[in-house]
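K.L.:
Based on what follows, work out the 3D shape:
(chains A, B, C and D)
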4 protein chains.
Amino acid sequence: MYNFESSYRVRYADVDQMGFMYYGNYAKLFEIGRVEALRNLGVRYKDLEEGGIWMPVYENNSKYLEPAKYDELLTINCILKSLPKTRIVFETEILNESKKIIHKGLTTLVFIKSDTQKITLCPQIIIDKLSPFFSLNE
Amino acid sequence: MYNFESSYRVRYADVDQMGFMYYGNYAKLFEIGRVEALRNLGVRYKDLEEGGIWMPVYENNSKYLEPAKYDELLTINCILKSLPKTRIVFETEILNESKKIIHKGLTTLVFIKSDTQKITLCPQIIIDKLSPFFSLNE
Amino acid sequence: MYNFESSYRVRYADVDQMGFMYYGNYAKLFEIGRVEALRNLGVRYKDLEEGGIWMPVYENNSKYLEPAKYDELLTINCILKSLPKTRIVFETEILNESKKIIHKGLTTLVFIKSDTQKITLCPQIIIDKLSPFFSLNE
Amino acid sequence: MYNFESSYRVRYADVDQMGFMYYGNYAKLFEIGRVEALRNLGVRYKDLEEGGIWMPVYENNSKYLEPAKYDELLTINCILKSLPKTRIVFETEILNESKKIIHKGLTTLVFIKSDTQKITLCPQIIIDKLSPFFSLNE
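P.N.:
Modelled structure (predicted):
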């Protein structure tokens, strides 16, 4: 298993008239979580893209346990539970300032070649960087 | 079953550097679909809210079959397959200009009283307006 | 002078916890106004872009006279007061349901070639379509 | 004069299909700049709001010198050049990773009482915290 924590301050731009973060904005937090989790491994998504790999989202699930509120400093915990093959699955837990989980996300992305737009395997660089976190039996 | 179709033009604001609608923006389209589906029944979400009922999202699932692209005129098909009780479940199909389904959504909302923020039942006005679309056996 | 009116329904996604449209979202309405004003002339921005012309924004000014509120059906009045040369200037008036102007925008865009990213002149197709609306002395 | 620097990483959510930050998203960076500038003084906008003061934007001007691009770590320099009275004017300079100014903003906000929605003077707490940065002659 590999995980990485980022933080995010809820902005006025994010909040709706209930005073809660708009339900569509969590996807942006998942993005921050997974991009920073990869960066922490030494993999920049920008470099992957410039190398001809796109990672479009295939499936995204959100469970809203409690609302995030204006100006809260959230923790985004991004978790990889298995090594990617043709897909990569990121779990996201979002925690409020009291470290209570208020939101759960599950995002599946695929790898495509940007020139042909065809599905491809997970780039070796990601496998290499992740492997130390996964035992042989995982 | 009750369904209602709205349309949405993909804007520059919506699209990412792959030229696809950003994956987090579909939630906004689901919102348009369900608010217009309710309006078509004679129920304005704004009025519900002013009457003390909020409808926060409890769960939201998205399946990305094909990307929506800049300037496409999408069809948002919002479907209610059962009468709401303490939850209301909207299915959303998003179709491109060739009427092909490119995205599927499933959104569950709950009803809460805005003053106490406690869970409540679906307002009777929604049940009354929806009932004609549902047979006794549904 | 050439002008064109579009309409826009304020969504939950647009509104902040004051119950007003978030101040950053007006730019998206200006975009809708100018893209639809061009479409009404027979010019699709998508086609310009595919033909190698980008129109990045150079300057954008917003004056907030009154807030737009949730679920209001706004009118976006997009106005061109002069023929473009190296720049094109769109004025935007946003009106509420009582047809009162609640917001004024002024957006200047330039034309660049997408391959070289160098400034270029306004495409002839835009001039041709706009000319009938402008007298010789304008 | 008082100024404060924040930083912002450009996200996929922010960027359009030119590969530039969408022109409407700079307003969100100005918001971050001024909220963090106030927090650094010991003033939380959230507390002002809970104390009955809203600060809606009255005017917002943006000058786009160069585009911000995906994954850039921008610096947001928020500058107050005069003490607020009935209005507060924030200048924003956005710098890229080479510390070149790529964007300039000028945002004027007013103070209103949230209960009456009437204009009011700048809260004394802001004046008190800002005064040490302004000489008598400013």
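K.L.:
report the longest strand in chain A, please.
P.N.:
strand A:101-113 (DSSP state E).
K.L.:
So it, near chain D or not?
P.N.:
No: using Cβ under 8 Å from any Cβ of the partner chain, strand A:101-113 stays clear of chain D, with a minimum separation of 11.5 Å. Just so you know, the C-beta spots here come from the backbone N, C-alpha and C atoms, and that holds for glycine as well.
K.L.:
For that strand, which helices and strands make contact with it?
P.N.:
Contacts defined by 3 or more Cβ pairs under 8 Å, 6 or more residues apart in numbering or on different chains; DSSP states H and E place strand A:101-113 against helix A:26-41, strand A:53-54, strand A:57-64, strand A:87-95, strand A:119-120.
K.L.:
Other residues contacting the last one?
P.N.:
Residues outside strand A:119-120 that contact it (Cβ atoms under 8 Å, 6 or more residues apart in numbering or on different chains) are A:53, A:86, A:110-113.
K.L.:
and stretch A:19-28, what's its mean pLDDT?
P.N.:
Average pLDDT, stretch A:19-28: 96.
K.L.:
ugh, wrong one, stretch A:55-67
P.N.:
pLDDT averaged over stretch A:55-67 gives 97.
K.L.:
Stretch A:131-138 now?
P.N.:
Mean predicted confidence for stretch A:131-138 is 78.
K.L.:
Centre-most residue in chain A?
P.N.:
Residue closest to the average C-alpha location in chain A (Cα atoms, centre = their mean): A:Arg34, at 3.0 Å.
K.L.:
Write out the residues of chain A neighbouring chain D.
P.N.:
So chain A meets chain D at A:9, A:11-13, A:27-28, A:31-32, A:35, A:44-46, A:70-71 (Cβ under 8 Å from any Cβ).
K.L.:
The residues you listed also near chain C: which ones?
P.N.:
A:12-13, A:70.
K.L.:
Buried only: go through those residues for me.
P.N.:
Buried by 16 or more other Cβ atoms under 10 Å in any protein chain shown: A:12-13, A:70, out of those.
K.L.:
near chain B, which residues of chain A show up?
P.N.:
Within chain A, the residues that sit near chain B (Cβ under 8 Å from any Cβ) are A:18, A:20, A:23-28, A:31, A:49, A:54, A:56-64, A:67, A:114.
K.L.:
Buried subset of the residues you listed as a PyMOL selection?
P.N.:
Applying 16+ other Cβ under 10 Å to the residues of chain A next to chain B leaves a buried subset, and the PyMOL line that selects it is:
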select buried, chain A and resi 18+20+23+24+25+26+27+28+31+49+54+56+57+58+59+60+61+62+63+64+67
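K.L.:
what's the helix or strand for the closest residue to A:Lys46 other than its chain neighbours?
P.N.:
Nearest residue to A:Lys46, sequence neighbours excluded (Cβ to Cβ, 6 or more residues apart in numbering or on different chains): D:Asp71, at 4.2 Å. D:Asp71 belongs to no helix or strand when assigned by DSSP states H and E.
K.L.:
D:Asp71: what's it in contact with?
P.N.:
By Cβ under 8 Å, 6+ apart, the neighbours of D:Asp71 are A:35, A:44-46, D:9-10.
K.L.:
mind listing which of those residues are in strands?
P.N.:
Secondary structure from DSSP E places D:Arg9 of the contacts of D:Asp71 in strands.
K.L.:
Quick check on the contacts of D:Asp71: which are buried?
P.N.:
A:35, A:45-46, D:10.
K.L.:
distance of A:Thr86 from chain C?
P.N.:
31 Å (Cβ to the nearest Cβ, to the nearest Å).
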